[in-house]
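**Q** dropping the sequence and predicted coords here.
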Amino acid sequence: MHSKKNNRALLQCLALSVYPMMMMMMMIHLSCVSSSSASTFFKPFNVSYDHRAIIIDGNRRMLISAGIHYPRATPEMWPDLIAKSKEGGADVIETYVFWNAHESIRGQYNFKGKNDIVKFVKLVGSSGLYLQLRIGPYVCAEWNFGGFPVWLRDIPGIEFRTNNAPFKEEMQRFVKKIVDLMREEMLFSWQGGPIIMLQIENEYGNMESSYGQQGKDYVKWAASMALGLGAGVPWVMCKQTDAPENIIDACNGYYCDGYKPNSYNKPTLWTENWDGWYTTWGGRLPHRPVEDLAFAVARFFQRGGSFMNYYMYFGGTNFGRTSGGPFYITSYDYDAPIDEYGLLSEPKWGHLKDLHAAIKLCEPALVAADSAQYIKLGQNQEAHVYRANRYGSQSNCSAFLANIDEHTAASVTFLGQSYTLPPWSVSILPDCRNTVFNTAKVSSQTSIKTVEFSLPLSPNISVPQQSMIESKLSSTSKSWMTVKEPIGVWSENNFTVQGILEHLNVTKDYSDYLWHITQIYVSDDDISFWKTNEVRPTVTIDSMRDVLRVFINGQLTGSVIGHWVKVVQPVEFQSGYNDLILLSQTVGLQNYGAFLEKDGAGFRGQVKLTGFKNGDIDLSKILWTYQVGLKGEFQQIYSIEENEAEWTDLTRDGIPSTFTWYKTYFDAPDGIDPVALDLGSMGKGQAWVNGHHIGRYWTVVAPKGGCQDTCDYRGAYNSDKCTTNCGNPTQTWYHVPRSWLQASNNLLVIFEETGGNPFEISVKLRSTRIVCEQVSESHYPPVRKWSNSYSVDGKLSINKMAPEMHLHCQDGYIISSIEFASYGTPQGRCQKFSRGNCHAPMSLSVVSE
C-alpha cells in the first residue's frame, strides 16, 4: 500500500511485507507462530588517517562500527551476530581483548571456545567487515576486575596502570602476545585481514591525575610500546586528551559531536557511543530512546566526525563469574540493537539501519570536503553543508539540518526551500535538497518480545491438554535431587593463622566464597550480663564488601550486603564454646577506578565482638581457620561427569533451604528460539547447564519508584532518564545458549544460598510474537529506495516515491493473524492502538490480503 495519511498495524507473527498505498496513517499488529518447527578475506590494503577520516586503501571513509564482545556470546552465535550487524549497516566490528579470559593462570593461555579470538576475527573478515581490536589490556567493560587477571596483583612491587616496571613488563608481554598472534594469523589489513585499528589503554584520562607525573610518563610509555610492536595499523587511546602525536585520541560518551582531537592531523573518532547502560542487582532497567541515539549519531557526523562505534551493538551475557563489580548483573543486554539472546531490538535496530543508509548516501560529499560550511538557520537550528567544492554544483553536496531545541519543532529555510524539523532532531539531505531521514521520525517496526510460551487455543486441544503440553515444553523435571553444602570447613585444604586475611589474597578469585572459622568462649557471667543489661553481643566490622553471612554454631544468623559498608550484626551465643563463622563473598570484582590492585575484597579496619562483660574482643588477634570456596565447587558436582556428591531426592517439605545444591534434568524446547531459565522462584546463587556456568542469579527487587510510563526522547540522555521494571526483580531470566543443550536429559544444577523453590524453575523460549508499525504522510520514503534513485548526473529522483510500511517476523516465524489495522487517523502506540475519527473500513481486509 502507498499512504497519504496515517496507517497503523499490529500483527501476530507468517512473513509479510506491507507497503502503504495512500497517504494517510496506518497501524498494524501481527502475531507470530513458528514456520517450522566461506567468504573470502580482503586483498592487502594499508590504513592511515588524516585530519578528516580514517583512510582505507587510499580512500577516506565514514565508518559505522558495531561493538560485540566475543566472550559474551558463544562461537555458534558469532556468525549470526556479525551478519545482523552487517545487515544493520555496520562497516566495522569492535571488541575488547579480555586478558583474564585468556591468561587466568600466568603463562597459560586459553584461546578456545568463547575465548577463540582468532576465530572471531576471521569470521568478521570473512563477512567483509573490518575490525577494531581494543587490546587495553585494561578494558573496564563491567567485566570482572576490569579484565586484569587476579594473579597480577600478587607480583611483588606492582602498581597497576602507572610508570611501574613490574606492571609495564606484564602489560607489554600480553599486548605483544596479542599483536604477534594477529600477525601470525595474517589478520592485519596489510596482510589481507580485517584489522584496521588497535587501541592501547582505555579511558586512562579519567584516572591519570591520580598518578601525578608517573601517570603522564605511563601514557607516553604505553604509546611508544604499542607503536614499537609494528602492527602496521593506527593506534587509538580513548578519553586521553594528552595522547602522543602518533596516537589518535578518541571520545567516549552519550554525545561526542563537540569533540575535537588534540591535533589537527587526527580525525574525530567516537570509540564508545553508549546506546544504553549496564544494570546492577536491585537496579532499574535503563533504556536509551532510539530517536535520541540517532540524533547523537547524526550530530556527530554533521559536525565532522568520521568513525562511530556503538557500545554495545550486542551486549550479550556475563557467563560464569565474569561480571564486574560492584554488583553487576549477569545480563549485559545494554539495551543494544541486538538483544542478549541475539534477537533484533526493534525499532532501535531498524531505525539505526535507516540512519546508517542515509549517512552512506552522504559519504561521497563527507569524504570529499575537508570541513563543513556552517549556516545558522535559527536560534537553535543550524545546517552543516559538505561539498567537494564549496562554491561548486549541488551534484556532490550533502547537508545535515539540526534542531537542537528540546521542546519545539521549527520551520527553517535552507537554500531557498522550507523544511520542518521536529525538536531534538537532525534531517539528512544527501543532495542538499531532499530529506531522506529524520532522527525523530521512526518508521521501523516495533517488536514485542516474550519469554512465555503462547500456544494457540485449538478446538482439538482441551485446556487441561494444553496445560500438559505447555508444562512439558516449558518446565524442568518435577523430579529434583539435593545435597547440602557444609557450613565451614569441608576439606583438609584449609589453614589456620592469627588474624583476618584479605579475601582475594586467600581465594585468588577461584571462588566467590571464603569461610572464616573460629571459636568464641562465652561464660555464664557474659550470659547474665546480657540479660541484666538487655544487650546483645555484636559482630562489628569497619568496612566490608560485597556480602557477609554470619553463622553461629552452624546456623545462619544474619547477612550484610554492600560495597565497603560498616557491619553491625547482633548475634546470639550459648554458654561455653561457640563456632563463629564469617562467610565473605564477592559479587564481581571492582572493574573501574584508580589503584585497582589495592581495592581487594572482604574486610577492612577493625573486626571485633562487642557487648561482652569484660570488654570487646579484637577478632583480628585470635586464630582463624580459612577455607576457600564450596565443597560442591571443588567436587564439580555441576559437571556431567561422575562425582562424589551424595544426592538425595528432594521433597517439597525440604524447601526452602539455605546453602543447598539442587539438580534435575530437562529436555530442550523444540525449535531454534533462544532459551532462558526462569529463576524467579529462587533467591541468590549460581546455575550450570550441562557443566556450563550460566552465571550468578539473584532475585533482588528494584525500587518501586523512579520509572517512567512514557519516555520523552527530547533532551540530553542519562542512565536514569528512561527506566523500567520498577518494583520487580532486576533479572529473573537467564540465557542458556542453544549450543550448550542436547535434545534431552540436560543437566541443570543450582547452588542456592538464601532459600528458593526449584520446583517452580522453568525453561522458556524468547521470541518476538507481536510486531507493530505506524507510518504517516509526514514520514519519508524508505532510505533504501533513495539508494537506488540516483540518476546519471547523481541527482536524486523522488518521482513515485512515498512512505512505506514493512512488517516482518523474526526468522522461523510467519504472520498468523492481524490484530489491528487502521488507515485514516488511528491513535495510540504498539498494543494500544485505537481507531480515530477517520477510519477506512477495508483496512483490515486489505492488509490481510
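**A** Noted; the coordinates are in hand.
**Q** can you show me the strands along the stretch 451-600 of the chain?
**A** Ranges of strands in the stretch 451-600 of the chain, per DSSP state E, counting those that start in this stretch, are 481-484, 494-498, 513-522, 538-552, 555-570, 576-585.
**Q** residues contacting the second one, please?
**A** When contacts are taken as C-beta atoms under 8 Å, 6 or more residues apart in numbering, the neighbours of strand 494-498 outside the stretch itself are K621, I622, L623, W624, T625, Y626, Q627. (C-beta placed from N, C-alpha, C; glycine too.)
**Q** adding mean neighbour count, write the strands of the stretch 451-600 of the chain out as CSV.
**A** Conversion of the strands of the stretch 451-600 of the chain to CSV gives the following (neighbours: other C-beta atoms under 10 Å):
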stretch, mean neighbour count
strand 481-484, 18
strand 494-498, 11
strand 513-522, 19
strand 538-552, 21
strand 555-570, 16
strand 576-585, 19
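**Q** quick check: P79 is in a helix.
**A** Yes. According to DSSP: H, G, I helix; E, B strand; the rest coil, the state of P79 is that of a helix.
**Q** which residues touch the residue nearest to R652 when sequence neighbours are not counted?
**A** Here the nearest residue to R652 in space, its sequence neighbours aside, is F759; by C-beta to C-beta, 6 or more residues apart in numbering that works out to 6.6 Å. Remark: with contacts taken as C-beta under 8 Å, 6+ apart, F759 is in contact with K478, W480, R652, I655, S681.
**Q** out of those, who's nearest A141?
**A** If you rank the contacts of F759 by distance to A141 using C-beta to C-beta, S681 comes first, at 31.0 Å.
**Q** any idea whether that closest one is helix, strand or coil?
**A** Following three-state DSSP, the label given to S681 is coil.
**Q** what's the nearest residue to it if we skip its chain neighbours?
**A** Sequence neighbours aside, E760 is the residue nearest to S681 in space, at 3.6 Å (criterion: C-beta to C-beta, 6+ apart).
**Q** could you do Y577 as well?
**A** Once flanking residues are discounted, Y577 sits nearest to Q519: 5.1 Å by C-beta to C-beta, 6+ apart.
**Q** circling back to that earlier point, so the residue nearest to R652 versus Y662, what's the distance?
**A** 10 Å (C-beta to C-beta, to the nearest Å).
**Q** swap in D333?
**A** Noted for D333: a distance of 27 Å to Y662, by C-beta to C-beta.
**Q** tell me if P166 really is in a helix.
**A** Yes. When three-state DSSP is applied, P166 is found to be in a helix.
**Q** just to revisit the earlier point, so which of the strands of the stretch 451-600 of the chain gets nearest M237?
**A** Using C-beta to C-beta, the strands of the stretch 451-600 of the chain put strand 555-570 closest to M237, at 29.1 Å.
**Q** walk me through which strands that closest one pairs with, and which way each runs.
**A** The strands that strand 555-570 pairs with in its sheet are strand 538-552 (antiparallel) (by DSSP bridges).
**Q** for the partner strand, list the C-alpha coordinates in PDB.
**A** C-alpha atoms of strand 538-552 as PDB (Å, rounded to 0.1, in the frame of the first residue of the first chain):
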ATOM      1  CA  THR A 538      27.500  -7.800  68.100                       C
ATOM      2  CA  VAL A 539      29.900  -8.500  65.300                       C
ATOM      3  CA  THR A 540      31.200  -5.100  64.100                       C
ATOM      4  CA  ILE A 541      33.500  -4.600  61.100                       C
ATOM      5  CA  ASP A 542      34.700  -1.200  60.000                       C
ATOM      6  CA  SER A 543      34.200  -1.900  56.300                       C
ATOM      7  CA  MET A 544      33.000  -4.900  54.200                       C
ATOM      8  CA  ARG A 545      32.300  -5.800  50.600                       C
ATOM      9  CA  ASP A 546      30.100  -7.400  48.900                       C
ATOM     10  CA  VAL A 547      28.200  -9.900  51.000                       C
ATOM     11  CA  LEU A 548      28.700 -11.200  54.600                       C
ATOM     12  CA  ARG A 549      27.000 -14.200  56.100                       C
ATOM     13  CA  VAL A 550      27.300 -14.700  59.800                       C
ATOM     14  CA  PHE A 551      26.800 -18.200  61.300                       C
ATOM     15  CA  ILE A 552      26.700 -19.100  64.900                       C
END
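**Q** what angle sits between that strand and strand 576-585?
**A** For strand 538-552 and strand 576-585, the angle between their directions (axes from the mean of the first three to the mean of the last three C-alpha atoms, to 10 degrees) works out to 90 degrees.
**Q** neighbours of K441, how many?
**A** Residue crowding around K441 was assessed by other C-beta atoms under 10 Å; the count is 20.
**Q** SS state for it?
**A** Using three-state DSSP as the criterion, the local structure at K441 reads coil.
**Q** ok, the closest residue in space to it that isn't next to it in sequence - contacts?
**A** Beyond its immediate neighbours in the sequence, the residue positioned closest to K441 (C-beta to C-beta, 6+ apart) is H779, lying 5.5 Å away. By C-beta under 8 Å, 6+ apart, H779 lies in contact with K441, S443, P803.
**Q** the first one and S778 touch, don't they?
**A** Yes. Taking C-beta atoms under 8 Å as the definition, K441 is a contact partner of S778 at 6.9 Å.
**Q** is it true that the residue nearest to R652 lies in a helix?
**A** Yes. In this structure, F759 lies within a helix as judged by three-state DSSP.
**Q** so how far is V483 from it?
**A** Using C-beta to C-beta, which is the criterion applied here, F759 is 17 Å from V483.
**Q** do P286 as well
**A** Taking C-beta to C-beta, one finds P286 at 39 Å from V483.
**Q** swap in D667?
**A** Distance of D667 to V483, given as C-beta to C-beta: 23 Å.
**Q** repeat for Y374
**A** For Y374, the distance to V483 under the criterion C-beta to C-beta works out to 70 Å.
**Q** who has more neighbours, D333 and Y662?
**A** A direct count of neighbours by other C-beta under 10 Å for D333 and Y662 places Y662 higher, at 26 against 23.
**Q** backbone phi and psi for the more buried one, please?
**A** phi -130, psi 150 (degrees, to the nearest 10).
**Q** quick one, what contacts it?
**A** Going by C-beta under 8 Å, 6+ apart, Y662 touches W480, M481, T482, L650, V749, I750, E752, P758.
**Q** can you check the pLDDT for the residue lying closest to the first one once chain neighbours are set aside?
**A** Sequence neighbours aside, L650 is the residue nearest to W480 in space, at 4.1 Å (criterion: C-beta to C-beta, 6+ apart). The predicted structure scores L650 at 95 on the pLDDT scale.
**Q** I56 against F45, yeah?
**A** Yes. Taking C-beta under 8 Å as the contact criterion, I56 and F45 are neighbours in contact, 6.3 Å apart.
**Q** so for these two, which residues contact both of them?
**A** By the contact definition C-beta under 8 Å, 6+ apart, I56 and F45 are jointly contacted by S189.
**Q** tell me which of those two has more neighbours.
**A** Between I56 and F45, counted using other C-beta under 10 Å, I56 has the larger neighbour count: 19 against 16.
**Q** from N59, how far off is S48?
**A** Computed with C-beta to C-beta, the distance linking S48 and N59 is 11 Å.
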